[in-house]
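Asker: I'll drop the sequence and a predicted model, then ask my questions.
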Amino acid sequence: MRGVVFDGKSVQVVDDLEVRAPGPGEVLVGIAAAGLCHSDLSVVDGTIPFPPPVVLGHEGAGVVEAVGPGVTHVVPGDHVALSTLANCGACADCDRGRPTMCRKAIGMPGQPFSRASTGQALFQFASNSSFAERTVVKAVQAVRIPKDIPLTSAALMGCGVLTGVGAVLNRAKVDRGETVVVIGTGGIGLNVIQGARIAGAPTIVAVDTNPEKEDVARLFGATHFLASTDGVREILPTGADHVFECVGHTGLVRTAIELLDRHGQAILLGMTAPTAEASFPPAAMFLDKSILGCRYGSSRPQKDIALYAELYRSGGLLLDELVTRTYPVEEFARAVEDAEQGKVARGVLTF
């Protein structure tokens with residue numbers, strides 16, 4: 001089968017992948033579509049350390065082909081969106097409704113893939129590897145969705161929507177009437193914007209250096225669009241209640257803090273290099289200001305994806321509009337080029 005493999009030096013689309021059958025508590029999914037997320041590219045450039053060789057991809061949707069013993073919540077033929085959380089469901093964090101904090105869901109990559117031509121085993125990225133025609137995931141990662149949702153759109157729920165909308169609703173807990181600034185309007189930033197709209201924020205300032213992103217930012221709910229943060233104080237003279245940094249630039253972390261109003265929160269979503277350091281004057285944090293990290297939108301995928309699916313069906317959540325362009329998996333390099341040039345909100349690979 002086809003898939004996108006990073007061997008530690010280069011990326012190639014191969015056609016000799018194999019994946020093992022699902023074991024107890026696992027699901028085999030035929031991938032129909034997978035979003036190209038910046039995190040996939042961060043593995044390639046080393047920003048996210050990950051052992052090669054690895055099958056990339058972590059934002060996918062498809063159709064259940066087989067289930068292992070003990071799996072009852074999905075059956076073959078079901079449409080599913082995949083999360084990256086292979087959480088155990090039994091630890092204290094899972095029991096408290098914090099599956100993103102489950103230690104068994106972090107840093108334990110399996111090797112369900114192999115190359116038919118060489119027999120070499122390959123790692124699974126983010127317990128998912130949706131850049132393959134088929135993948136095996138833990139049952140908890142497969143979330144059944146209505147069959148009337150296009151799989152090219154549903155794929156984006158597994159990362160971009162869970163992370164962006166979840167950061168607003170679950171982590172920052174933006175309340176009706178509060179003000180929001182979003183720095184960076186890529187796939188995550190757009191979902192933060194629409195999360196803020198859903199939460200009832202009356203002022204949502206989108207900031208991006210690419211002026212061509214203004215129309216889509218406003219479509220998702222931005223009330224203002226700026227090419228830099230310089231004009232934020234003209235719109236919000238006392239600062240913002242919430243500032244989301246969605247770029248992963250240490251200088252912008254400091255800027256996010258500087259833009260806060262009293263009792264404001266800076267929420268860090270952009271992925272920096274592991275050794276990067278940000279600085280800010282501690283005095284800036286008085287008046288009850290906060291800096292919040294956020295993993296995967298503090299999501300509870302089985303609950304949240306079902307919620308987002310219903311919001312989409314009622315017109316409250318935009319998914320189709322996130323998909324700027326689809327690419328056959330063989331055009332992976334072209335999809336990467338378009339993403340790096342800022343031509344797409346989200347490019348989606350299809351199989």
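Answerer: Received the coordinates, thanks.

Asker: could you pull out the strands for the stretch 151-300 of the chain?
Answerer: 179-183, 203-207, 224-226, 240-245, 260-268, 290-293 (DSSP state E, counting those that start in this stretch).

Asker: Which one, of those strands, ends up nearest to Cys91?
Answerer: Closest to Cys91 of the strands of the stretch 151-300 of the chain is strand 290-293 (CB to CB; 19.7 Å). (Each C-beta comes from the backbone N, C-alpha and C, glycine too.)

Asker: partners of the closest one in the sheet?
Answerer: Counting by DSSP bridges, the strands paired with strand 290-293 are strand 260-268 (parallel).

Asker: Name the residues of the partner strand that are buried.
Answerer: For strand 260-268, burial by neighbour count (16 or more other CB atoms under 10 Å) applies to 260-261, 264-268.

Asker: Throw the residues you listed into JSON lines and include distance to Phe50 and pLDDT, thanks.
Answerer: Formatted as JSON lines, these follow (distance: CB to CB, whole Å; pLDDT from 0 to 100):
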{"residue": "Leu260", "distance to Phe50": "33", "pLDDT": "98"}
{"residue": "Asp261", "distance to Phe50": "38", "pLDDT": "98"}
{"residue": "Gly264", "distance to Phe50": "34", "pLDDT": "98"}
{"residue": "Gln265", "distance to Phe50": "30", "pLDDT": "98"}
{"residue": "Ala266", "distance to Phe50": "27", "pLDDT": "98"}
{"residue": "Ile267", "distance to Phe50": "25", "pLDDT": "98"}
{"residue": "Leu268", "distance to Phe50": "21", "pLDDT": "98"}
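
Asker: Which pair in the residues you listed has the greatest spatial separation?
Answerer: Maximum distance among the buried residues of strand 260-268 (CB to CB): 17.7 Å, for Asp261 and Leu268.

Asker: Could you pull up phi and psi at the residue most central in space within the chain?
Answerer: In the chain, the centroid-proximal residue (CA atoms, centre = their mean) is Cys159; its distance is 2.7 Å. In terms of degrees, to the nearest 10, the main-chain angles of Cys159 are phi -140, psi -70.

Asker: between the buried residues of strand 260-268, which is closest to His224?
Answerer: Among the buried residues of strand 260-268, Asp261 lies closest to His224 (CB to CB), at 15.9 Å.

Asker: Could you measure from that closest one over to Glu178?
Answerer: As judged by CB to CB, to the nearest Å, Asp261 and Glu178 stand 10 Å apart.

Asker: Next: Ile145.
Answerer: Distance of Ile145 to Glu178, given as CB to CB: 30 Å.

Asker: Ok, Phe6 next?
Answerer: Using CB to CB, Phe6 is found at 41 Å from Glu178.

Asker: ditto for Gly184
Answerer: Distance from Gly184 to Glu178, by CB to CB: 20 Å.

Asker: More neighbours: which of these two?
Answerer: Taking neighbours as other CB atoms under 10 Å, Gly184 and Glu178 compare with Gly184 leading, 24 against 20.

Asker: just checking, that one touches Lys213?
Answerer: No. Applying CB atoms under 8 Å, one finds Gly184 not in contact with Lys213, separated by 9.5 Å.

Asker: now Val5, what's its secondary structure?
Answerer: Assigned by DSSP: H, G, I helix; E, B strand; the rest coil, the conformation of Val5 is strand.

Asker: tell me which residues form a beta bridge with the nearest residue to it once chain neighbours are set aside?
Answerer: Leaving aside its sequence neighbours, Val5 sits nearest to Val14 (CB to CB, 6 or more residues apart in numbering; 5.3 Å). As for beta bridges, Val14 partners with Gly3 under DSSP bridges.

Asker: just to revisit the earlier point, distance to Arg313 for the strands of the stretch 151-300 of the chain - can I get that in JSON lines?
Answerer: Compiled in JSON lines, these are given as follows (distance: least, CB to CB, whole Å):
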{"stretch": "strand 179-183", "distance to Arg313": "25"}
{"stretch": "strand 203-207", "distance to Arg313": "23"}
{"stretch": "strand 224-226", "distance to Arg313": "28"}
{"stretch": "strand 240-245", "distance to Arg313": "26"}
{"stretch": "strand 260-268", "distance to Arg313": "28"}
{"stretch": "strand 290-293", "distance to Arg313": "30"}
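
Asker: closest one to Ser39 among the ones you listed?
Answerer: Across the strands of the stretch 151-300 of the chain, Ser39 has its closest neighbour in strand 260-268 (14.7 Å, CB to CB).

Asker: Can you list the neighbours in contact with the closest one?
Answerer: For strand 260-268, contacts defined as CB atoms under 8 Å, 6 or more residues apart in numbering pick out 167, 171-172, 179, 236, 238-245, 253, 256-257, 259, 284, 287-294.

Asker: Also stretch 115-124?
Answerer: With contacts defined as CB under 8 Å, 6+ apart, stretch 115-124 is touched by 5, 14, 16-18, 50-55, 109-114, 135.

Asker: which among these end up buried?
Answerer: 5, 14, 17-18, 50, 53-55, 109, 112-114, 135.

Asker: Return the member of those residues nearest to Pro24.
Answerer: Set against Pro24, the nearest of those by CB to CB is Pro112 (13.8 Å).

Asker: How many neighbouring residues does the closest residue to Pro99 other than its chain neighbours have?
Answerer: The spatially closest residue to Pro99, leaving aside those adjacent along the chain, is Asn87, at 4.0 Å (CB to CB, 6+ apart). The local packing of Asn87 (other CB under 10 Å) involves 25 other residues.
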